[in-house]
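Enquirer: No letters, just coordinates:
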């Protein structure tokens, strides 16, 4: 019997307009009449800006149903609020908070009374977060233009194919597609990634070792949580990727900067500085920012060190898909016979960043620990894009897109290198242009890259300075120039703009 | 000039089949002929299972382009691999690794040689992860059925509306929709969430205090990283939510269990046990698992304690949308004049879990620190669903869906309560049925809920035991019974099945 009553209500609900039910409490046991309680509650919410001008209000019928009261007091209260101008009725669409209420009464933003209330007393936070940079205020981080780093060629992405796949998975999804899902990620996607990694990256892996994550950043974080204790010494590349360092700072680790040269991480120096480091965080395919590819002998040295000192290697293979003018180089993980490498890759650089999807390959004996940490962090990865990506890879779109991008980025990179040479000759030294989506142009001695970058930003030229990528004293000043999102035809103009800035800074002369 | 060459190649690429390019290296400077180098590389990859039977191989033309060599040696190598049966040609679709290779040669899974290599030597991991449960092996966690907790009514979700919105945002997305995006989340979605929270939950907030996160789990994690140091004492509800505890264990905190009664957290006991706790993690709207709603006087006590001891309150409002037979209750955050509450909500319980989207409202002075931590964890939230959710909320679908669910869950809950009363009378005591999507049925003294749950799982009845939700000695044994995903009409049958189990366990008699 009860069920039928509900069905009836649900049927009615389908047609009603749809405003949020406000937190209106009525109490039959107090002397104040119900209509007055409703009136007072609404008025207080409007004055206190809980409801904002123009916002829709539930119908009298809906509110009466939800409060379990007769409709009469609701009608009375609404009539009064309409009469007094707190509400306004719009023919055919319902009742709304009056959209012309004066600012005084319902300000949308009142700076003098913070909405979070008054802050006083002790407000302790974690020690480690005190040292973190708060916010990202450098202009080049926020800007988006010619030399912005980490941006792929958005215009080449096959959106037609992609949105057809999205549609395929979005209509009438199965219950399992809506449910939490495996904390390692979808098995089909892990399988497709394994095929790709074994073939194209020489990674040794099975699907049950692969975890789908929210980009390489989350992979770095999870690996740090599983492997590292507070005060643990860890090797980091010098210069290196700042967000790896932020993860290690949050984990409370002791970072040991190990210099990078043209062969990649200098393992001998690392061993001298701290043989017993628990882990090394490296990007052997295309070091960030200097772009070196780690040589075969350094790779073997690094693996030997890890095996003999009982250490881990976290291999960040963030943009290894792109190599120009030389043969593909297999992953470090594929050389590792001791199962000491955690391999990290991402789709941000080959598809698009807002996809927030990457993966890691975990040594088999550590999979359970990675899972336990992952569940504490965010349980699992969202489903839809995993299903879409699986089909995108299985049906060959991914390989085709990669092949196109490799050629296009090769073209862009050549245009940038040629133009930089032409405009600046040997005044700017170039590093790491053999792979990836960025290169480094280092400045002659005596110039400050951050100062120049700040002034360039005023002219809407976004140059990422090199010096902040050093943990210690910067050995070089320069700029990290991304070329992934800039068409080759447009590169000469942008290099001209760069020249304008560098001439004004007296780094180069007009004639060079 | 160079550009034209590339354009030409790109144009050709569009038509080619799309196999991943394998890691094949050739070297012109060594004596071995190129075709032989190619042959050896392919053969080694097939034997070493880097390429698996039936996998597609790039065309000779593509491989030649990518390696920057003439097509002749590629043709020669392919011909030999075809002749020897490593490759097979399929008319019209390309070249593949032979799909009938013997297991011996290319096993898909060889247990004796783990793909991760040999594990030996010291394999140290973080101390804190050693204590975490590895994997989730209890049958009730993996099962999905009548009484499974945390599952919404999937069948009522308006997929037609949803997939239309997905389509709207998926075709021809803007560059900003593909880019990394604001680490707080989309401003439009934060604005829509503010409107909802102010109206329906009495939360005081501005969009610049809201962070979009991957569900309430990530919100718990971020708050712990910002607020808590290792060894920091923290109040947790006893019994309470196990994944809150996992977060706090990973953060290295000292958990102080504070008992929960019918008025919610017993603040006086908390103060007696540890007045100087840095934070309290609570679910005042509908405590997990016992379901109490925190009384007004306890709320004020808790806020007073936080203000006077300089502590934080993390309010997990995970399923507060659903209340039955009583007025809506505003959030604790809305009562807080000292800006000491971090408010957490999720769409997992009102939309669907695989959406992986929730939100937190942060005290304004802490927003920068939350941002710095968020960037280290995973940078930002994926874009598509944020855009879809914004429209879903703005266009009234969210409020309508909520209103329907509230009625439907009300019906399911009534059916469950009535049937439990009918079948078990006072033998099972019920707790927390006034709100949310689950209730607790506690067992008479002398029974072990985990043992019964294990045996029930053999009959495909998934009962979540109550006792593991205690940090200390369990004061009660019982089951957490979810009713969100079970139709009211089916509930009598499932309660009958439950009775079958409990009769077999001698908890109740057939006649009761």
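Expert: Done, it's in. Every value quoted in this text rests on a predicted model; they were computed, and no experiment measured them. Residues are numbered from 1 along each chain as shown, chains lettered A, B, ... in the order given.

Enquirer: use CA for all of it now, contacts and neighbours both
Expert: Fine.

Enquirer: Low-confidence regions, the stretch 301-450 of chain A specifically.
Expert: A:326-328 (pLDDT under 70).

Enquirer: hey, where'd the helices end up in it?
Expert: A:367-378, A:384-394, A:397-424, A:449-458 (DSSP state H, counting those that start in this stretch).

Enquirer: Point out the most buried one among those helices.
Expert: Most buried of those, by mean neighbour count (mean count of other Cα atoms under 10 Å in any protein chain shown): helix A:367-378, with a mean of 23.

Enquirer: anything in that helix near chain B?
Expert: Yes: judged by Cα under 8 Å from any Cα of the partner chain, helix A:367-378 and chain B are in contact via A:368-369, A:371-373, A:375-378.

Enquirer: Show me what that helix is packed up against.
Expert: helix A:215-227, helix B:127-130, helix B:215-227, helix B:242-250 (3 or more Cα pairs under 8 Å, 6 or more residues apart in numbering or on different chains; DSSP states H and E).

Enquirer: weakest of these by average pLDDT?
Expert: If you rank these by mean pLDDT, helix B:127-130 sits at the bottom with a mean of 86.

Enquirer: which residues touch it?
Expert: A:225-226, A:229, A:369, A:372-373, B:249-250, B:252 (Cα atoms under 8 Å, 6 or more residues apart in numbering or on different chains).

Enquirer: so how far is it off the chain centroid?
Expert: On the basis of Cα atoms, centre = their mean, to the nearest Å, helix B:127-130 is displaced by 22 Å from the centre of the chain it belongs to.

Enquirer: Name the residues of whichever helix or strand comes after it that are buried.
Expert: For helix B:127-130, the following helix or strand on the C-terminal side (DSSP states H and E) is helix B:139-142. Within helix B:139-142, the residues scored as buried using 16 or more other Cα atoms under 10 Å in any protein chain shown are B:139-140.

Enquirer: same thing with stretch A:170-187?
Expert: Those would be A:170, A:177-187, for stretch A:170-187 by 16+ other Cα under 10 Å.

Enquirer: still on that earlier bit, can you lay out the residues of helix A:367-378 next to chain B as JSON lines showing distance to residue B:209?
Expert: Listed next are the residues of helix A:367-378 next to chain B as JSON lines, based on distance: Cα to Cα, whole Å:
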{"residue": "A:368", "distance to residue B:209": "36"}
{"residue": "A:369", "distance to residue B:209": "34"}
{"residue": "A:371", "distance to residue B:209": "31"}
{"residue": "A:372", "distance to residue B:209": "30"}
{"residue": "A:373", "distance to residue B:209": "27"}
{"residue": "A:375", "distance to residue B:209": "26"}
{"residue": "A:376", "distance to residue B:209": "24"}
{"residue": "A:377", "distance to residue B:209": "21"}
{"residue": "A:378", "distance to residue B:209": "21"}
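
Enquirer: what's the helix or strand for residue A:195?
Expert: Using DSSP H and E, the element containing residue A:195 is helix A:187-200.

Enquirer: What strands flank the following helix or strand past that helix, and is each parallel or antiparallel?
Expert: Downstream of helix A:187-200, the next assigned helix or strand under DSSP H and E is strand A:210-213. Applying DSSP bridges to the sheet, strand A:210-213 is found paired with strand A:358-361 (antiparallel).

Enquirer: contacting residues around the strand it pairs with?
Expert: A:205, A:209-216, A:219, A:342-348.

Enquirer: which among these end up buried?
Expert: For the contacts of strand A:358-361, buried by 16+ other Cα under 10 Å: A:205, A:209-216, A:219, A:342-348.

Enquirer: Give me the distance between the residue nearest in space to the middle of chain A and residue B:286.
Expert: Centroid-nearest residue in chain A: residue A:356, 5.9 Å away (criterion: Cα atoms, centre = their mean). Applying Cα to Cα, to the nearest Å, the value for residue A:356 to residue B:286 is 32 Å.

Enquirer: which outside residues touch stretch A:271-280?
Expert: By Cα under 8 Å, 6+ apart, stretch A:271-280 touches A:227-228, A:232-236, A:256, A:305-306, A:309-314, B:124.

Enquirer: Recalculate using a threshold of 10 Å.
Expert: A:224, A:227-229, A:232-237, A:253-258, A:265, A:267-270, A:302, A:305-306, A:308-315, A:340-341, B:123-125 (Cα atoms under 10 Å, 6 or more residues apart in numbering or on different chains).

Enquirer: Now do the same contact list for the spatially closest residue to residue A:217 that is not a sequence neighbour.
Expert: Setting aside the residues directly before and after it, residue A:217 is nearest to residue B:378 in space (Cα to Cα, 6 or more residues apart in numbering or on different chains), at 5.1 Å. Residue B:378 sits next to A:213-221, A:243, A:247, A:356-357, B:183, B:213-214 when contact means Cα under 10 Å, 6+ apart.

Enquirer: Adding distance to residue A:470, write the helices and strands packed on helix A:367-378 out as JSON lines.
Expert: Listed next are the helices and strands packed on helix A:367-378 as JSON lines, based on distance: least, Cα to Cα, whole Å:
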{"stretch": "helix A:215-227", "distance to residue A:470": "19"}
{"stretch": "helix B:127-130", "distance to residue A:470": "30"}
{"stretch": "helix B:215-227", "distance to residue A:470": "25"}
{"stretch": "helix B:242-250", "distance to residue A:470": "30"}
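
Enquirer: Alright, that wraps it up for me.
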